[in-house]
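>>> kindly generate the corresponding structure for this input.
(one chain, ligands or ions: 1)
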Amino acid sequence: MIATLITHPACHLHLMPEGHPECPERLDAINNQLLASGIDSLIYHRESPAATDEQLLRVHTHDYLQRLAQAQPDEGILRFADDIYLSPGTLTAARHAAGAGILGVDMVMRGETDAVFCNVRPAGHHAESAKAMGFCIFNNVAIAAAHALAAHHLERIAIVDFDVHHGNGTQEIFRHEPRVLFCSSFQHPFYPLTPIDNVPDHIINIPLPATCRSEGFRAALTEHCLPALTRFQPQLLLISAGFDGHLDDDMSSIRLVEQDYVWITQQLRQLVDNSKNNPDVTQQCRGMVSLLEGGYDLPALGRCAMMHIKAMAKLS
Ligand SMILES: [Zn+2]
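Reported below is the predicted structural model:
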């Protein structure tokens, strides 16, 4: 089945202060690598719709949406919280970022594709139900999962988050939702420093020491993440794909390389393929939808995302 890239030009409209690492050029770095590698012509391309209020309100509060709308400036860049900035196009960008995951889920559930990458910003996994954090406004992966629960009536959705930071927002949103298995690996102790202990069984936190490198990353996910996914038998796999654990990324210290992202993607792809062969249709996994989270060294981000998409699409 052919893989799909979902993005929208409006995702460039969210502006940050001059020189900030979370910049619109991140999207171009990925697109350029897809073109240079020849992958671009081998996948479907779709533009994301803007997420509706109904879709956002499945995970965010009405008050939070109102506060954002009231604060968004008509010109310039406004500091909304510690590391959250709003520009005139921010909420348009954020709605199209969230809409990408929703379209991805719909396409997978309709059987049109079984591997989707959403090249979008702002990212989502730090955003809590009523709080913007860590460059994140709307929690895109949580909105996609909530859509799969509400609109497609799925009973088991897994979210794998391999960004170098803990997906605190996704944890907060699904803390009381056992239909969503959340596996997050992250450098620890590190931003966001929100609590990771005393969580229910459907939340699997995998703290990684700053010195872990490839071997530690792969060993920890092999021990804690992959068996949990196999037991859970998700009907849909969502990925919070952050590439900020890369060796070249100033944001972290765990020193992963391109092949580590290929490795985890191949493991997840294999899980989906094994499930598709299950004769019991209720146990089958329909596919995977991956959403861009972090990744701030532009050349490394482009290479890692391209190789991640290539592995999801099983292109050699
Ligand atoms: Zn991150």
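>>> looking at the stretch 1-150 of the chain, which residue is nearest the ion?
Nearest to the ion, among the residues of the stretch 1-150 of the chain, is residue 134, at 7.0 Å (Cβ to the ion). Every residue, glycine included, has its C-beta placed from N, CA and C.
>>> what does the pLDDT read for the nearest residue to that residue once chain neighbours are set aside?
Distance criterion Cβ to Cβ, 6 or more residues apart in numbering; nearest residue to residue 134, sequence neighbours excluded, is residue 126 at 3.3 Å. Per-residue pLDDT puts residue 126 at 98.
>>> burial count for residue 126?
Counted with other Cβ atoms under 10 Å, residues neighbouring residue 126 total 29.
>>> wait, isn't it in contact with residue 140?
No: between residue 126 and residue 140 there is no contact under Cβ atoms under 8 Å: 11.0 Å.
>>> need the three-state assignment for the residue of the chain positioned farthest from its centre.
Of all residues in the chain, residue 279 has its C-alpha farthest from the mean position, at 29.7 Å, by Cα atoms, centre = their mean. Assigned with DSSP: H, G, I helix; E, B strand; the rest coil, residue 279 falls in the coil class.
>>> residue of the stretch 51-200 of the chain with the smallest distance to the ion?
For the stretch 51-200 of the chain, Cβ to the ion, closest residue to the ion: residue 165, 3.7 Å.
>>> for that residue, list the residues it contacts.
Residue 165 makes contact with 125-126, 134, 186-187, 190-192, 242, 244, 294 under the criterion Cβ atoms under 8 Å, 6 or more residues apart in numbering.
>>> let's verify it: helix, strand, or coil?
Per three-state DSSP, the local secondary structure of residue 165 is coil.
>>> so which of the contacts of residue 165 is the most crowded?
residue 125 (32 neighbours).
>>> hmm, it is touching residue 138, no?
No: checked against Cβ under 8 Å, the pair residue 125 and residue 138 is beyond contact range at 10.7 Å.
>>> relative to the ion, how far out is residue 298?
Residue 298 is 15 Å from the ion, where distance means Cβ to the ion, to the nearest Å.
>>> from residue 304, how far off is that residue?
As for residue 298, its distance to residue 304 is 11 Å (criterion: Cβ to Cβ, to the nearest Å).
>>> who has more neighbours out of these two?
Higher neighbour count among residue 298 and residue 304: residue 304, with 30 against 18, using other Cβ under 10 Å.
>>> which of the helices or strands spans the nearest residue to the more buried one once chain neighbours are set aside?
Excluding its sequence neighbours, the residue lying closest to residue 304 (Cβ to Cβ, 6+ apart) is residue 243, at 4.0 Å. Assigned by DSSP states H and E, residue 243 belongs to no helix or strand.
>>> which ones are touching residue 243?
With contacts defined as Cβ under 8 Å, 6+ apart, the neighbours of residue 243 are 163, 249, 261, 294-295, 300-301, 304-305, 308.
>>> from residue 187, how far off is the residue of the chain found nearest the ion?
Closest to the ion within the chain is residue 294: 2.9 Å, counting by Cβ to the ion. Residue 294 sits 11 Å away from residue 187, going by Cβ to Cβ.
>>> give me the common contacts of these two.
Residues touching both residue 294 and residue 187 (Cβ under 8 Å, 6+ apart) are 164-165.
>>> mind listing residues that contact stretch 193-213?
Counting by Cβ under 8 Å, 6+ apart, 166, 168, 171-172, 174-178, 180-190, 216-217, 220-221, 224-225, 228, 252-256 sit against stretch 193-213.
>>> from these, which land in helices?
168, 171-172, 174, 216-217, 220, 228 (DSSP state H).
>>> contact residues of the stretch 101-250 of the chain facing the ion?
Along the stretch 101-250 of the chain, the residues adjacent to the ion under the rule Cβ under 5 Å from the ion are 163, 165, 242, 244.
>>> 6 Å instead, please
163-165, 242, 244 (Cβ under 6 Å from the ion).
>>> so the residue of the chain closest to the ion touches residue 242, yeah?
Yes: assessed by Cβ under 8 Å, residue 294 is found in contact with residue 242 at 3.7 Å.
>>> and for the two, which residues touch both?
Taking Cβ under 8 Å, 6+ apart as the criterion, residue 294 and residue 242 both touch 123, 163-165.
>>> farthest-separated two in the residues you listed?
Within the shared contacts of residue 294 and residue 242, 123 and 164 form the most distant pair, 12.3 Å apart (Cβ to Cβ).
>>> show me which of these two is the more surrounded one.
Per other Cβ under 10 Å, whichever of residue 123 and residue 164 has more neighbours is residue 123, with 31 against 27.
>>> hang on, the earlier thing: list only those of the contacts of stretch 193-213 flagged as buried.
Buried members of these, scored by 16 or more other Cβ atoms under 10 Å, are 166, 168, 171-172, 174, 177, 180-188, 190, 216-217, 220-221, 225, 228, 252-256.
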